[in-house]
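Peer 1: Fold the following and give me the result.
(chains A, B, C and D)
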Protein chains: 2
Amino acid sequence: MTPAPREVRTRVRMSAEGRRSQILDAATLQIADRGFWGLTLREVAAACGITEAGVLHHVGSKDGLLVAVLEHRDLVDNLRLAERLGIPVESLDDDPVPVGLRALCSAFMARNATQPEIVRLYTVLQAESLNEGHPAYDYFQSREKWATELFSRAAHTDGVAEGDVAATAREILAGMDGLQLRWLRDPEGVDLLEMWEDLASRILAGR
Amino acid sequence: MTPAPREVRTRVRMSAEGRRSQILDAATLQIADRGFWGLTLREVAAACGITEAGVLHHVGSKDGLLVAVLEHRDLVDNLRLAERLGIPVESLDDDPVPVGLRALCSAFMARNATQPEIVRLYTVLQAESLNEGHPAYDYFQSREKWATELFSRAAHTDGVAEGDVAATAREILAGMDGLQLRWLRDPEGVDLLEMWEDLASRILAGR
DNA sequence: GTCTATAGGACGATAGAC
DNA sequence: GTCTATCGTCCTATAGAC
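Peer 2: Prediction:
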């Protein structure tokens, strides 16, 4: 018997940037599937056609991979949101925000409806990171604060009564998360945007 | 130097029932902290003062442990809910339900407010199990169905317009999940029941 | 009912060659 | 920039003694 010839797979050569973004994409999917504790460098490496050492070269550590994924999402998703609103990204941080609460909400949900995998990523990590020991604990604490303030500013722009602003923002964020959960569990059976518009009307009625 | 005497720890003898319930309690806390993928038999065993083999003797496998935890919660939590409503557990399955929607919701949330660790358990598993490969996928699919039907029947009892029943139930469940998430992230900063009563009023206004 | 012992992998990470 | 090789650890599960 002649020994099977050592298979020399032609590996794809990539630029550092290209490889890194391929790694982030693979990790994003796997975190959405199994959360951070279920993420393995091995599977990410396999999906990219390189070794675990290769992955670590680009992101440093498993924690570093998570951070990189979240930073990348912040960048991309804020851009997509601003695009839908027809405003520059930076003005999301302006006070007052150049857009009303209802328009902001709709843009948010319309964007999310186009990327279920990303919504699932956030849903899983948001729950997992309720524990202080989770590497994304701080990230999600400040993300919640950021979102609350953004929606509060938009509520203010819309003329919602002063005392109601914080509660309104909280109810909106809560409703979004809850509806998205149901949409992810049964994407065919429910229409995210239709559910949202109905709930939003009720939350905002009379304020 | 005399060698340190071999420490013979007096192990606590327990009945099978007692040990099993100790195991379920320990697993409940760890799943709430790290989800199913982060759960390890080692830590559960350590918390109970026995070995991994000891844990497996009682629950068969890691999957079996998760199932046992969820079945135990169903039993206990439904009892606590029925108690608050002043009805027997079985009548939760009656049609019509002997209780109105608003009362059902309030009892639900009042019970949950007393057990944050359990709420966290469900929050984490509900997100993790969005993936079909998760051992609790089926459980949460049927739990969602069960809850939707329960709240729909209560809505019907309350006289909510026929066409609105399903949407109402969905919005209520979504709102509960979303508010609980915020409460778990900042238990001191927000009042779960106060937030809920305000949101519930808005969801139910005019139906 | 719980133990010891162990199998048999999977995991994250590092060092150093190419 | 990616590899091979390896370390040391953690993991679930089984077999069989006590």
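Peer 1: C-alpha from now on. contacts and neighbour counts both.
Peer 2: OK.
Peer 1: Wait, A:Gly35 touches A:Leu125, no?
Peer 2: Yes: if you go by CA atoms under 8 Å, A:Gly35 and A:Leu125 touch, sitting 6.2 Å apart.
Peer 1: Of the two, give the one with the bigger neighbour count.
Peer 2: Neighbours per residue (other CA atoms under 10 Å in any protein chain shown) separate A:Gly35 from A:Leu125, with A:Gly35 holding more: 30 against 24.
Peer 1: Give me the common contacts of A:Gly35 and A:Leu125.
Peer 2: Between them, A:Gly35 and A:Leu125 share no contacting residue under CA atoms under 8 Å, 6 or more residues apart in numbering or on different chains.
Peer 1: ok, and for stretch A:129-147, which residues are buried?
Peer 2: By neighbour count on 16 or more other CA atoms under 10 Å in any protein chain shown, the buried set for stretch A:129-147 is A:129-131, A:134-137, A:140, A:144.
Peer 1: Same check on stretch A:196-207?
Peer 2: Neighbour counts over stretch A:196-207 (16+ other CA under 10 Å) mark A:196, A:199-200, A:202-204 as buried.
Peer 1: do the same with stretch A:65-73
Peer 2: Under 16+ other CA under 10 Å, the buried positions of stretch A:65-73 are A:65-70, A:73.
Peer 1: Now, these that are in helices?
Peer 2: Applying DSSP state H to the buried residues of stretch A:65-73, the entries found in helices are A:65-70, A:73.
Peer 1: Output those as CSV; include the columns pLDDT and distance to A:Gly175.
Peer 2: Below are those laid out as CSV (pLDDT from 0 to 100; distance: CA to CA, whole Å):
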residue, pLDDT, distance to A:Gly175
A:Leu65, 98, 30
A:Leu66, 98, 26
A:Val67, 97, 27
A:Ala68, 98, 28
A:Val69, 98, 25
A:Leu70, 98, 23
A:Arg73, 98, 22
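Peer 1: which among these gets closest to DNA strand D?
Peer 2: Here the nearest of those to DNA strand D, counting by CA to the nearest atom of the strand, is A:Leu65; it sits at 14.1 Å.
Peer 1: any idea which of the buried residues of stretch A:129-147 is closest to DNA strand C?
Peer 2: Among those, and counting by CA to the nearest atom of the strand, the member closest to DNA strand C is A:Pro135, at 11.3 Å.
Peer 1: Can you pull the phi/psi pair for that closest one?
Peer 2: Main-chain dihedrals, A:Pro135, degrees, to the nearest 10: phi -60, psi -20.
Peer 1: Burial check on the residue lying closest to it once chain neighbours are set aside, number of neighbours?
Peer 2: Once flanking residues are discounted, A:Pro135 sits nearest to A:Asp63: 6.6 Å by CA to CA, 6 or more residues apart in numbering or on different chains. By other CA under 10 Å, 13 other residues sit near A:Asp63.
Peer 1: Quick check: A:Asp63 vs A:Ala82, distance?
Peer 2: Using CA to CA, to the nearest Å, we find A:Asp63 at a distance of 29 Å from A:Ala82.
Peer 1: and if you look at A:Gln30?
Peer 2: For A:Gln30, the distance to A:Ala82 (CA to CA) stands at 27 Å.
Peer 1: quick one on the thing from earlier: just give me the closest of the buried residues of stretch A:129-147 to DNA strand D.
Peer 2: Nearest to DNA strand D out of the buried residues of stretch A:129-147 is A:His134 (CA to the nearest atom of the strand; 14.6 Å).
Peer 1: Quick check: residues of chain A near DNA strand C?
Peer 2: By CA under 7 Å from any atom of the strand, the part of chain A that sits against DNA strand C consists of A:39-43, A:52-53, A:56, A:60-63.
Peer 1: now these: which count as buried?
Peer 2: Counted by 16+ other CA under 10 Å, the residues of chain A next to DNA strand C give A:39, A:41, A:52, A:62 as buried.
Peer 1: wait, the third one sits on A:Ala45?
Peer 2: This means A:Glu52. Yes: applying CA under 8 Å, one finds A:Glu52 in contact with A:Ala45, separated by 5.3 Å.
Peer 1: interface residues of chain A facing DNA strand D?
Peer 2: A:11, A:13-16, A:19, A:49-54, A:57-58.
Peer 1: The spatially closest residue to A:Phe151 that is not a sequence neighbour: neighbour count?
Peer 2: Residue nearest to A:Phe151 in three dimensions, not counting chain neighbours: A:Ala169, with 5.5 Å by CA to CA, 6+ apart. Using other CA under 10 Å, the number of residues around A:Ala169 comes to 22.
Peer 1: In chain A, where is pLDDT below threshold?
Peer 2: A:1-11 (pLDDT under 70).
Peer 1: one more time with 80
Peer 2: A:1-13 (pLDDT under 80).
Peer 1: so where do the helices sit in it?
Peer 2: Assigned helices in chain A, in chain order: A:16-38, A:41-48, A:52-59, A:62-85, A:101-113, A:116-128, A:137-158, A:165-185, A:192-204 (criterion: DSSP H).
Peer 1: Just put these in a markdown table and tack on distance to B:Gly175.
Peer 2: Listed next are the helices of chain A as a markdown table, based on distance: least, CA to CA, whole Å:
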| stretch | distance to B:Gly175 |
| --- | --- |
| helix A:16-38 | 23 |
| helix A:41-48 | 35 |
| helix A:52-59 | 37 |
| helix A:62-85 | 24 |
| helix A:101-113 | 16 |
| helix A:116-128 | 15 |
| helix A:137-158 | 16 |
| helix A:165-185 | 5 |
| helix A:192-204 | 9 |
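Peer 1: These: which one's closest to B:Leu173?
Peer 2: Ranking the helices of chain A by proximity to B:Leu173 (CA to CA) places helix A:165-185 first, at 7.2 Å.
Peer 1: got the contact list for that closest one?
Peer 2: The list of residues contacting helix A:165-185 from outside it, by CA under 8 Å, 6+ apart, reads A:109, A:116, A:119-120, A:123, A:148, A:151-152, A:155-156, A:189-192, A:195-196, A:199-200, A:203-204, B:127, B:130, B:141, B:170-171, B:173-179, B:181-182, B:195, B:199.
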